[in-house]
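[1] Using only what follows, build the 3D model:
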Amino acid sequence: MTATLSRPALVVTVDGEPAAEALTRVRAADLRLAQKQRGYLRAQAELDGREPGAVALEVDVVIDERAAQARASYAGLGAARDGVTYVGTPSGLRSLIEDVYAAEVADAVVLRPVGGERTTELIATLLAA
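    Numbers count the residues shown, from 1 in each chain. Coordinates of the predicted model:
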């Protein structure tokens, strides 16, 4: 009989916050790879006799009230991202976070605002709700 691993509660935080620093973080090119990395890290902890902790997916974020505004901001960045990036609205970001947890892609999400001050403000509002 196989032991059932306990699942940590969902944690959502912003890069640089103390809660983000305490998490085991993964940066992946896509959600499938992140899910594999999470599975490996949790299985390795179990093999080592440790309780698996929360594994967090890092997500670069550009959000605005309208998706078109977010896309325009993202296009203006001109830099290629090497991990999961979300460009859209706050409600879409909330849905992504919920899906990441429900599909066991990650137990936590560390948001990395790359869209400037507007993105930072909207993330703060989203997390306060």
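
[2] okay, CA-based contacts and neighbour counts for the rest of this
    Noted.

[3] May I have the beta-bridge partners of the residue nearest to the spatial centre of the chain?
    Among the residues of the chain, the one closest to the centroid is Val109, at 2.9 Å (C-alpha atoms, centre = their mean). Judged by DSSP bridges, the bridge partners of Val109 are Val12, Leu57.

[4] wait, it sits on Ala56?
    Yes. Counting by C-alpha atoms under 8 Å, Val109 touches Ala56, with 5.0 Å between them.

[5] so what's the residue nearest to the centre of the chain up against?
    Contact partners of Val109, counting by C-alpha atoms under 8 Å, 6 or more residues apart in numbering, are 11-13, 56-59, 97.

[6] again with Asp107
    Contact criterion C-alpha under 8 Å, 6+ apart gives 7-11, 54-57, 100-101 as the residues in contact with Asp107.

[7] Residue ranges in the protein under the pLDDT threshold?
    For the chain, applying pLDDT under 70 flags the ranges 1-6, 79-80.

[8] That one: helices as residue ranges?
    In chain order, the chain shows helices spanning 18-21, 31-47, 67-77, 90-102, 117-128, with DSSP state H as the criterion.

[9] residues of the second one that come out buried?
    The reference is to helix 31-47. Applying a neighbour-count criterion of 16 or more other C-alpha atoms under 10 Å, one finds 31, 34-35, 37-39, 41-43 buried in helix 31-47.

[10] now do the last one
    Taking 16+ other C-alpha under 10 Å as the basis for neighbour counts, the residues of helix 117-128 that come out buried are 118-120, 122-123.

[11] and the angle from that helix to helix 67-77?
    130 degrees (axes from the mean of the first three to the mean of the last three C-alpha atoms, to 10 degrees).

[12] Please enumerate residues in contact with helix 117-128?
    In contact with helix 117-128 (C-alpha under 8 Å, 6+ apart) are residues 12-13, 61-64, 90, 94, 113.

[13] for stretch 39-47, the distance to its chain's centre please.
    Stretch 39-47 has its average C-alpha position 19 Å from the chain's average C-alpha position, going by C-alpha atoms, centre = their mean, to the nearest Å.
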